[in-house]
Every structure is written in C-alpha cells, then in structure tokens.
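Novice: what would the 3D arrangement of this be:
(one chain, ligands or ions: 1)
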Amino acid sequence: MISIKNNFFKLDTEKTTYLFSATESGLLVHHYYGKRVPFHDYNNIMLKQEGGMGTAIEYEGNRFEYVDNMELEFSSFGIGDYRELPLSIQNQIHGYSNNFKYRNYQIIDDNDSFMRSYNQNQTLKVDLYDSTLNIGIELYYRIFEKANVITRYVKFYNNSNLTFNIERLFSMQLDLNDANYVMMTFDGAWAKERHLNEKLLNCGIYINDSKSGASSNKHNPLVIIRKPNTDEINGVCYGFNLVYSGNHKTTIEATPNQKLRILQGINDYAFNFEIKSGEEFITPEAVMSYSDEGLNNLSHNFHYFVNHHIVRGEFKNKVRPILINSWEATYFNFTEKKLLDLAKSAKEVGIELFVLDDGWFGLRNDDTSSLGDWDVNKKKLPNGLNGHANKINKLGLDFGLWVEPEMINEESELYKRHPDWAVKINGRMPGIGRNQLVLDLSNLDVRTYLIEKMTEVFSSCNLQYVKWDYNRNITDMFGSTLKNQGEFLHRYILGFYEVINELNKRFPHILFEGCASGGNRFDLGMLCFFPQIWTSDNTDYLERIYIQSGTSYGYPPSCISNHVSAVPNHQTLRNTPLASRFNLASFGVLGYELNLSELNSEELNEVIDQISFYKKYRSTLQYGKFYRSENSIFSSNRTYFYAISETKEQAILGFFQALIHPALNEDIIYVDGLENDLYVFRNKMQKLNLKMFGGLINYVSPIKLKVNGKLHNLVCKFYHPKGENERYLIYGDALKYAGIRLTQQFMGTGFSDKVRVLGDFGSRIYIIKKYNEKYKLNHKKIS
Ligand code: DGJ
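Specialist: Model (predicted):
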C-alpha cells in the first residue's frame, strides 16, 4: 500500500514499512525501512541536524543541511555527499556534477517490461530533475505486499540538447542509520557455487560483484545483511537481489559514524552508455526484502516472490517432471540404441522426461566442434530428432533437448560462414573457453538468426523441455556493430533476453531449464525465462549440501534442479550412498543423470522406491515452505532442512551428515512453522548396507566371513537389515521448542535397531504428518 501525505511517502507490505520524504530543498530523504509500524507523526524518526559539523557541506548553503550525514533515497554527484554514489553521469561541457531535485510523483500501472517481475500491487514513480542540465531521474518503487518485497529501478532521461555518458547508474540506494550488520554473500567457482561467506561490517566499503559478463558462479547477486545476533528464526535481516544476468555490483559502505549505504545495480566496470538528446536508460530491477523473524523468513519472502512474481507462463506453480539426463550416462559417446536403452530403463523406474544432452548435432563427438551447427547428426540419430522423439514418446516419456545457442566453435559451418559473429578483437588471438567462442548477441543479425534457427530446432519434434547451456565466460569484449564499446556487456544481456523472450513466446509449452556450466548464471533475470536452473555440475552429495544450502537463501526449491548421479562421483571421485544422493536431490526438482543399466537390481529397486516417494511428496518438496536448521553445514558437520506443505498437513525433513565423528553432540530436531496440532514424526525406512561394517560383521555372523570374499559379498548383496525405526507423536509447539532427540548414532559398539547408522555421508528423510483418525486406523500401533 502506498500512502502519501505532505511529501511523505509510506510504502507498506504486509509486514514491512518503508518511509521517505521530500525536503523543501528538493532532497529525497530516507527515514525508515523495517517492521510494519503505525506512525503518529514522523518526528521520532527524523534526522536531527541542528548543530555544526566541521568540514561537512551544507546542501546549497542551507543551514545545517549536511548531505554527507543524511540518509538519502538517491544521491547526486557534487553536492557534498562523499559516500559511494548511485550514479556517475557526465557530459563534455558540464562535467560530472548534477543536482537532481524532487519534482513530483505518480502512482502508475507498470507491467510493461519482459525483464522485470510482475503482478505487483502498486508502483510509485518519483521524478527528480536537474533543471540546469535538463536531465531527469525517475525512481520506481514497486510494492509486492504478500511477498514483503519492494523492488526498485531507475530511469535516466535526457531532455537537453547534449549527449550524456552514463558511467554508473545503480538500480537502488538504501541508507540506514546503523551499520552494525554482518554481510552475507554467496560465492564460489565452477562446481562450488553459492557457498555462504559472512563478514562483520566495519568502517569501509564492501563490494560483491561480477565482471565475467554473467551473474557468475563467483559472486551471486544475492546479498543479505543481518544483525550479528540474527539466526534462522530470530532477528533482523535485509536481503537484496537483482533481476539481471550480467555484471552486477552491490556496494555497501559503512561510514565512520556508523551509517550504512547499500547500492545495487549493473556493474559500472567496463560500462559506459551514451544517452543522446531525447533518449533514456532504464536499469534492471533491484529486489529488497526485510525480516525481523530471522533468515528463514527472509528466504520465504524471496521464495514467494520468485514463485509468484518472477517465474511466469505455464510452468508457474506447476510441479516439475522427474527427468533422466543423458550427459553423465553417455557423454558424447552414444548411439540411438544406447539412448533408447537408457530411456527404457528410465521409464521402468518411473521417470517422466528423457533429456538428450550435448552431442546430438553437427559433428559433435567431443567438445572441440560444431556449436552453431544445430542440425541433427544422422549417424547418431538416423531418423532425425523427430524420429527419435517419437520413439521416446512411444516409451511413455516426454522428450527434452540440450542446446547452447549463445556459443560457436571455430570448428563449425556457422563459423566458416560468419567468423565476424564471434566476440573477438580482429587481429588478436581471443581467449578460448571449452574450445568455444561467444556469439555477439549485441548484433541484431545474430539474434535474428538464433531466434529462427532455434525455432526450427524446437519445432522439429515433439519437444517438452529445453536445457539452455552457456559454458564459458566472455573475453575480448567487443561488439562489431556497436559504436560505443562501453555498452557491449549490457547490450549482450539485453540481446540474450530478447532472444529467449521471443522463444518463450513462440514455445509456451516448453519447459526451459537454464544452465551455465551448472550455476554460473543462477539469478532472477534467468528465472524470468527459465522456471528452473541446473544448480551445479557438481552432483557429489557432500558438495551439494553446501551448494543447495547456499542457494536456498534466495531461491525456492521449485527452481533448484538436482540430479542423482553415479559413484564414484564424476567431479569429486567420492563414494556416497545412493540413499543420500536421493535424499538431498529431492529438496528441489529431481532428476537422474547416470547409466541406469550399471545399477544392480537392489539399487534399481531403491530408485523405484525413491521416485514413488518423490511423486507422493513432490508438491511439498518443490513448493512447500522451505526451512534451514540452525546448525548450518557451513559451520557444522550436520544440517537439516525441511519443507512444509501449504496446508501444514505434512512436512518432509532431510537430515544430512558430512563425516561421522566420535563424541558427537546429540541430534535434536526442531521444526518451526507447523500448527500446534498433533503430528506423527517418523523416519523414511532406510535399509542398511552391511558392507559398511567390514569385518565387524563377524561379531554377529554364525559363520566366519572373509571380508570381501565371495560369501561376504553374497550376504551383503541379499541381506539388508532395516535401519532404525523412529516414531514420535508430538505437538507442533513441542516440535518447535522442545524438539526431538533422535536415537544415538552408531559409534563403534552396540549395533541394534535403536541406533542410527549414518557413518560418513549418511542421511535420513523424516516424514511429518498431522495425526488424524485415518492415520490412527492405518497405524494401529500408534493409537
Ligand atoms: C555443461 C552442463 O552444465 C552439463 O550439465 C552438460 O550439459 C554439459 N555442459 C554438456 O556439454
């Protein structure tokens, strides 16, 4: 809700209030962003500046109006505010100085852009104007009441006769009157995406950014600040994210007098936009949220926002299919028969969608050639994509396809025809990533070609799903059709959005999954076009606990795509239990990526059981309210997370262990967010693998077994004792405050069904259901 009175602007969401006002001198002053509160008047929250301030500058000579000490909504350059600024704009005559003053406001209908969130409750537009230079800034505030999100973006417009150069224009500025915060960022690398890093802010300037051309696996655009004592369920925190897939930057400046300025937008690195007379520039949208109920609640705000205001089209709030992906099953080395065998076994275990990954086109038998030649390889698929898709459909599976349209191999027909379409500097050897170059999407011809070529591919068969990959970062930044190279990186992203937006429109029934060597472009911009994203190329159970935990702070399970893969894991060579790989992968969109024919019959039965379990609880696992436990994997060897169904009738909890250690503290499970009704809490039965016990088996075996001998192997193959069976009847509040003390973990002695055998990389799933009469009948023991 937007309320405006006497130049005070109050923006309310269900649980938050944002307040600013325009001063008589024309400055926009920020007063409050936090818990939703009623104000009698605003005196309590006004900055009191009635005394001198040394070297500080008085704005336009106004007595005591020290701009450098004020919280502002959007600062100008050269008015005495010496903190980091949201803009750097200049022309040859007047230089960098500007002075944008409040002019007016409007409440507008603002649903026009394809690269922004949608379905907001209201939008406030505030106009700031520099009447000397005849240039303006429009500040947009979009209110998402239920999500408890306010988004911001900025338009610069040039009414003068001069040309201006924008060297920086951020999407938002937020000044807080307190700098006592911990900054949380989500950083990493290929196969190590979005690991949580925290630093206590001290006087200084902190930057979280990307310079690779993509939002990057190095530093995700999501940034959170929390009070030092805030945890998952208590305390104050703010989150910021950007609806953008290119270079981003968040700057946080903690001033010597303990104020905080947060700026977020397109990175100003290698950025320079020319805005001629009559032209304008619109920034991407920054997303802000606040919670005084801890980090889980902040994540819920973001999750709701993504599910309701970012993801669009037919797949919005729809359960996603369970897929098998051919990549780690076959890599480039496949025949149609091999694929059909894989599809057949996938169908048998209950999988719904078959995805043909890299290698189906041109002469693509390894990663050195053919990107750009999007015509089927008839040697591998003699009946073309259509023939192949029909066979997959006949098996009862949907068909999906991998593409990497933004890329080109020098070894390709397309490159022979259009060497100038690749991003490079003439006369210089370009940087090469995975043997490929990037196509110049700032060039209209390239975009037109891509839209038409992909349209041809996508309509050549009965296609239900597309995985859109992007496997290198940009170097040698240069757009051959651009006059101003400072525009290249942003125009690349705009070009990419134009292409994928058009393809979304032409193929509304196709589920698009984003991918960039895994999670190199996991951001809100991508999610506007790709309802789900391949989270990481790393499918190792242990690594994924970190990756999925970190990702969950800003992104809901419905867009986090996870695959169960083979062991030893292809990235880490680690062996982990099949059950753990599934248990973790099930917290998101489930897929399998392994050669099912290499599994033995027990493993296949286990997969059948996994898939039927996932189908039963899929909507809770993909769309339930997702909570992280207090003990995070970033500081502990165990963690758990859980998803609660919308009705609070049921929840699924996953408990994940890294390495087993002696003298472990007890595992106590607390579940927040349920009703205070009676629930049944029980573990999903997990069979034990006797092999884990090695020679210890001889303490219980009536005959001596030689470890790894034939008999030992046979016993282990056929005898799988059931693990522990834990059941509790418990009220929601008891589960929240008293918790459940799980049975002891096995540690060397005393094996029985009263201990949990987890060992290294062990995990469990727990099912929590409201206790009712029906349950009583089915489970007599409990009653
Ligand atoms: C990188 C992706 O992340 C993988 O899943 C796979 O699709 C390969 N590219 C194929 O080249």
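
Novice: what about the strands in the stretch 401-550 of the chain?
Specialist: 407-408, 437-438, 465-468, 511-514, 532-534 (DSSP state E, counting those that start in this stretch).

Novice: to the ligand, which of the ones you listed lies closest?
Specialist: Nearest to the ligand among the strands of the stretch 401-550 of the chain is strand 532-534 (5.6 Å), distances taken as CB to the nearest ligand atom. In this view, the C-beta of every residue, glycine as well, is placed from N, C-alpha and C.

Novice: what mean pLDDT does the closest one get?
Specialist: Strand 532-534 shows a mean pLDDT of 98.

Novice: for that strand, which strands pair with it and how are they oriented?
Specialist: Within its sheet, and counting by DSSP bridges, strand 532-534 is paired with strand 511-514 (parallel), strand 560-565 (parallel).

Novice: centre of the chain to that strand, how far?
Specialist: Offset of strand 532-534 from its chain centre (CA atoms, centre = their mean, to the nearest Å): 8 Å.

Novice: list the contacts of that strand.
Specialist: With CB atoms under 8 Å, 6 or more residues apart in numbering as the test, strand 532-534 has contacts from 315, 320, 467, 511, 513-515, 518-519, 521-522, 526-527, 558-561, 589.

Novice: can you narrow the residues you listed to ones near the ligand?
Specialist: Residues shared between the contacts of strand 532-534 and the neighbourhood of the ligand are 515, 518 [CB under 6 Å from any ligand atom].

Novice: the ligand contacts on this protein?
Specialist: The chain comes close to the ligand at residues 327, 357-358, 402, 469, 471, 515, 517-518, 534, 537, as judged by CB under 6 Å from any ligand atom.

Novice: tell me which of those residues is nearest to the ligand?
Specialist: Closest approach to the ligand among these (CB to the nearest ligand atom): Asp358, at 3.5 Å.

Novice: list the contacts for Ala579?
Specialist: 606, 686, 763.

Novice: now the buried members of these.
Specialist: Buried residues within the contacts of Ala579, counting neighbours by 16 or more other CB atoms under 10 Å: 606, 686, 763.

Novice: biggest strand in the chain by residues?
Specialist: Determined from DSSP state E, the single longest strand within the chain is strand 164-176.

Novice: show me which positions of it end up buried.
Specialist: Under the neighbour-count criterion of 16+ other CB under 10 Å, strand 164-176 has 164-166, 168-176 buried.

Novice: now stretch 696-710
Specialist: Quick answer for stretch 696-710 (16+ other CB under 10 Å): 697, 705.

Novice: how about the CA coordinates for it, as CSV?
Specialist: The C-alpha trace of stretch 696-710 is given here as CSV (Å, rounded to 0.1, in the frame of the first residue of the first chain):
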residue,chain,number,x,y,z
LEU,A,696,32.6,-56.2,12.3
ILE,A,697,30.1,-58.5,10.6
ASN,A,698,31.8,-61.4,12.2
TYR,A,699,30.7,-60.4,15.6
VAL,A,700,27.1,-61.3,14.7
SER,A,701,27.6,-63.8,11.9
PRO,A,702,27.2,-67.5,12.9
ILE,A,703,30.0,-68.4,10.4
LYS,A,704,33.2,-66.6,9.8
LEU,A,705,33.1,-64.4,6.7
LYS,A,706,36.2,-63.4,4.8
VAL,A,707,35.8,-59.6,4.2
ASN,A,708,35.1,-59.0,0.5
GLY,A,709,35.2,-62.7,0.0
LYS,A,710,32.5,-64.4,-2.1
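
Novice: list the contacts of that stretch.
Specialist: By CB under 8 Å, 6+ apart, stretch 696-710 touches 690, 694-695, 711-712, 715, 751.

Novice: tell me how far that stretch lies from the chain's centre.
Specialist: Distance of stretch 696-710 from its chain centroid, counting by CA atoms, centre = their mean, is 48 Å.

Novice: do the same with stretch 320-330
Specialist: Chain-centre distance of stretch 320-330: 21 Å, with CA atoms, centre = their mean.

Novice: quick check: mean pLDDT of it?
Specialist: Average pLDDT, stretch 320-330: 98.

Novice: identify, from the contacts of Ala579, the entry nearest to Glu145.
Specialist: Proximity of these to Glu145, judged by CB to CB, is greatest for Ser763, which lies at 37.9 Å.

Novice: tell me the pLDDT of that closest one.
Specialist: For Ser763, the model assigns a pLDDT of 98.

Novice: dihedrals phi and psi, it?
Specialist: Torsion angles at Ser763 (phi, psi; degrees, to the nearest 10) stand at phi -160, psi 170.

Novice: pLDDT value on the residue lying closest to Gly732 once chain neighbours are set aside, please?
Specialist: Nearest non-adjacent residue to Gly732, counting by CB to CB, 6 or more residues apart in numbering: Leu674, 3.7 Å away. pLDDT for Leu674: 98.

Novice: which residues touch Leu674?
Specialist: By CB under 8 Å, 6+ apart, the contact set of Leu674 is 644, 648, 651, 732, 735-736, 768.
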